[in-house]
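Peer 1: The sequence and its predicted three-dimensional model are supplied below.
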There are 2 protein chains.
Amino acid sequence: MNKFDTYLKERAKLVEKNLAKYIAKIPNSPKILTDAMDYSLQAGGKRVRPVLLMATAEAFGKKAQDVLPAACAVEMLHTYSLIHDDLPCMDNDDLRRGKPTNHKVFGEDLALLAGDALLTYVFEVFAQNGKIKSIGAGNTLSALLNFAHCAGASGMVGGQTADVYAEGMGTQEAHSFRADKLRRSSKLLTKKTLHYFMLPPQVKETTPETILNYIHANKTGALIRGSVETGALLAGAKGSDLKYIQQYANCIGLVFQIVDDILDVTSSVKQLGKSNSDDKNGKLTFVSLYGLEGSRKHAQLLIAKAQKALGCLKNVRQKNLWPLYEMAEFFKTRTY
Amino acid sequence: MNKFDTYLKERAKLVEKNLAKYIAKIPNSPKILTDAMDYSLQAGGKRVRPVLLMATAEAFGKKAQDVLPAACAVEMLHTYSLIHDDLPCMDNDDLRRGKPTNHKVFGEDLALLAGDALLTYVFEVFAQNGKIKSIGAGNTLSALLNFAHCAGASGMVGGQTADVYAEGMGTQEAHSFRADKLRRSSKLLTKKTLHYFMLPPQVKETTPETILNYIHANKTGALIRGSVETGALLAGAKGSDLKYIQQYANCIGLVFQIVDDILDVTSSVKQLGKSNSDDKNGKLTFVSLYGLEGSRKHAQLLIAKAQKALGCLKNVRQKNLWPLYEMAEFFKTRTY
């Protein structure tokens, strides 16, 4: 195993150990609820978001332990989003990471509540970061505010909303806005209606490209971005450093989603641990719009841009920057 | 209209004006999502929780305006819980406050996402209270942490979980733990299983009384309690004052739920603005366990206890205490 793989594994283990601790610490909850929360938290995954958060905080001079509450909170947020996304009224997936989805084990009602409980616990755990002296209440509150912004209607949930309507848009008909494959309506949808469903008012044009861009920047991108920014804000990053780390975050966030789209086409169900639901549902994806090669090329450009942004950081510990460089590479090459 | 009614109306209006502002301020979200959030936020209600929060902060010497972000956040949290509670996989209600429920208008997927977005926005808005100088980051973070605790698995969501399994327990058979009316299973449930579903490990006995107590203290009580505590913590209340205001909060939180149970039996659908779903589903309620008169008596005892606790507060503005006294009375007498 190379240095970065070891780093990733060790950090992931640290996060997992502490996730289990945080769940065990919840007082006054029916056992079935904490079991349902725990089931999805312990279902594996690479823990990329909390590792990114810790790596960024370390680049800005803090220790991984200093930001551990926020790192766990970010993973909890990711987990709640998966539980809700798998529900029958959303993607209706039976498998996640090779295991039955939360609602398949605990029922729809409990899965809904486990997601709600996790999303609420995110902020309780995040707020505990303020008790760590090297971080303090001020930085924690700023970071929490920014993170909530990335995770909500202006970020992840906004992207998920647009994504709900993206089913069937990966087909040729949808490109010309014939909407007979859209779930919501059997009538012809106008550009105006599509805009209402899938884009914020600020976006002027309604094209498959603007829609895909919005979905990608938000559905997955916002949380990757939010993780990096949280690490930076907790560590008190400012000025141009904050600008460049955000540029890095934006680029790798987008790469992450592009790679996801590529994997959804090229991987088998077994490799992916879930069904190729994008294809099944005819979703608008990077691959459906730009093809496999075009998507790979775009990912490479973004990675170069991300790494260039890292080179512009000033008040950082140079010796702590390598995991952020490696993370960008990892996003490109990951095949599982 | 008496003085307290006027107070309640004016404060509710202030909250509603600002809720609308906060929704209008959300950037980068598809319009349909903010519309879905707004729909339920603007669906009325007495705004009891934010008013309690403001009244408590004023009792401890702050201005209502100083805690307005947190007050709006509390109402958003309450609203998300209603949206998710009405979903088909939960109570499956078509009406709420006389209007079609969120999923009836926007569809199940959007209602789920609107709830998630509101719950996330709760903490973004709450965190903004830290920018108000008279409150500051430290008090805001402490209050946010406590509030998240009240709203999550240890509080409201825990109570909702137990409540899911409480259907059918209001009948005589359920009192002897025959579980054929419980949704989850058609087999005889043991006390052990019921405990797993409906009680935290710390509660030793499994009886209809301990279960009802847990549900009431948490499903509705925790958020009422959380609102009062948030007002106190933002204002920097400490020591015995914090203890007594919590006692007040606990009592009126419980009264609120008892009155809810009473109203569910005594009110018509039109008065209630929703269907009498408790009765329909044979839920375990205060009335099903102690009868109408027993419930009313218990509420009165709790109100006396709540008002006594107010009398023990020390570092408060005496002239600002009256709304908290009146609120307790109001909970008892409210008939709609």
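Peer 2: Received the coordinates, thanks.

Peer 1: Beyond the worst-scoring helix or strand of chain A on mean pLDDT, next helix or strand please.
Peer 2: One helix or strand of chain A scores below all others by mean pLDDT, DSSP states H and E: helix A:172-175, with a mean of 42. Next along the chain after helix A:172-175, taking DSSP states H and E as the criterion, comes helix A:191-198.

Peer 1: For that following helix, list every residue counted as buried.
Peer 2: Using 16 or more other CB atoms under 10 Å in any protein chain shown as the test for burial, helix A:191-198 gives A:Thr193, A:Leu194, A:His195, A:Tyr196, A:Phe197, A:Met198. For the C-beta atoms, the positions are set from N, CA and C on the backbone; glycine is no exception.

Peer 1: now those as TSV including pLDDT and distance to chain B?
Peer 2: Below are the buried residues of helix A:191-198 laid out as TSV (pLDDT from 0 to 100; distance: CB to the nearest CB, whole Å):
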residue	pLDDT	distance to chain B
A:Thr193	81	9
A:Leu194	84	10
A:His195	88	8
A:Tyr196	89	5
A:Phe197	88	5
A:Met198	89	6
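
Peer 1: Export those to a markdown table and append columns for distance to A:Ile258.
Peer 2: Output for the buried residues of helix A:191-198, formatted as a markdown table (distance: CB to CB, whole Å):
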| residue | distance to A:Ile258 |
| --- | --- |
| A:Thr193 | 28 |
| A:Leu194 | 23 |
| A:His195 | 24 |
| A:Tyr196 | 27 |
| A:Phe197 | 23 |
| A:Met198 | 19 |
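
Peer 1: A:Ile211 touches A:Ala166, doesn't it?
Peer 2: Yes: using CB atoms under 8 Å, A:Ile211 is in contact with A:Ala166, at 7.1 Å.

Peer 1: Give me the common contacts of those two.
Peer 2: Residues touching both A:Ile211 and A:Ala166 (CB atoms under 8 Å, 6 or more residues apart in numbering or on different chains) are A:Met198, A:Leu284.

Peer 1: quick one: which of these two has more around it?
Peer 2: Taking neighbours as other CB atoms under 10 Å in any protein chain shown, A:Ile211 and A:Ala166 compare with A:Ala166 leading, 28 against 25.

Peer 1: did I read that right, the more buried one in a helix?
Peer 2: No: applying DSSP: H, G, I helix; E, B strand; the rest coil, one finds A:Ala166 to be coil, outside a helix.

Peer 1: how close does it sit to chain B?
Peer 2: 11 Å (CB to the nearest CB, to the nearest Å).

Peer 1: didn't that residue look like it was pressed against A:Tyr214?
Peer 2: No: with contact defined as CB under 8 Å, A:Ala166 does not reach A:Tyr214; the gap is 9.9 Å.

Peer 1: any common contacting residues for the two?
Peer 2: A:Met198.

Peer 1: what ranges do the helices span in the stretch 1-150 of chain A?
Peer 2: With helices called from DSSP state H, counting those that start in this stretch, the stretch 1-150 of chain A shows them at A:3-24, A:31-41, A:48-59, A:68-86, A:102-106, A:108-127, A:136-151.

Peer 1: Dump those to TSV, plus distance to B:Leu112, mean pLDDT and mean neighbour count.
Peer 2: Output for the helices of the stretch 1-150 of chain A, formatted as TSV (distance: least, CB to CB, whole Å; pLDDT from 0 to 100; neighbours: other CB atoms under 10 Å in any protein chain shown):
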stretch	distance to B:Leu112	mean pLDDT	mean neighbour count
helix A:3-24	23	96	16
helix A:31-41	16	97	23
helix A:48-59	22	97	27
helix A:68-86	6	98	26
helix A:102-106	12	95	21
helix A:108-127	7	98	28
helix A:136-151	15	98	24
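
Peer 1: Take the ones you listed and write them to a markdown table, including distance to chain B.
Peer 2: A markdown table is the format used below for the helices of the stretch 1-150 of chain A (distance: least, CB to the nearest CB, whole Å):
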| stretch | distance to chain B |
| --- | --- |
| helix A:3-24 | 9 |
| helix A:31-41 | 4 |
| helix A:48-59 | 16 |
| helix A:68-86 | 6 |
| helix A:102-106 | 8 |
| helix A:108-127 | 4 |
| helix A:136-151 | 4 |
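
Peer 1: close enough to count as contact, A:Leu194 and A:Pro208?
Peer 2: No: A:Leu194 is beyond contact range of A:Pro208, at 9.9 Å (criterion: CB under 8 Å).

Peer 1: list the buried ones in stretch A:255-267?
Peer 2: A:Val255, A:Phe256, A:Gln257, A:Ile258, A:Val259, A:Asp260, A:Asp261, A:Ile262, A:Leu263, A:Asp264, A:Val265.

Peer 1: Let me see the confidence value for the second one.
Peer 2: The one in question is A:Phe256. Residue-level confidence at A:Phe256 comes out at 89, pLDDT.
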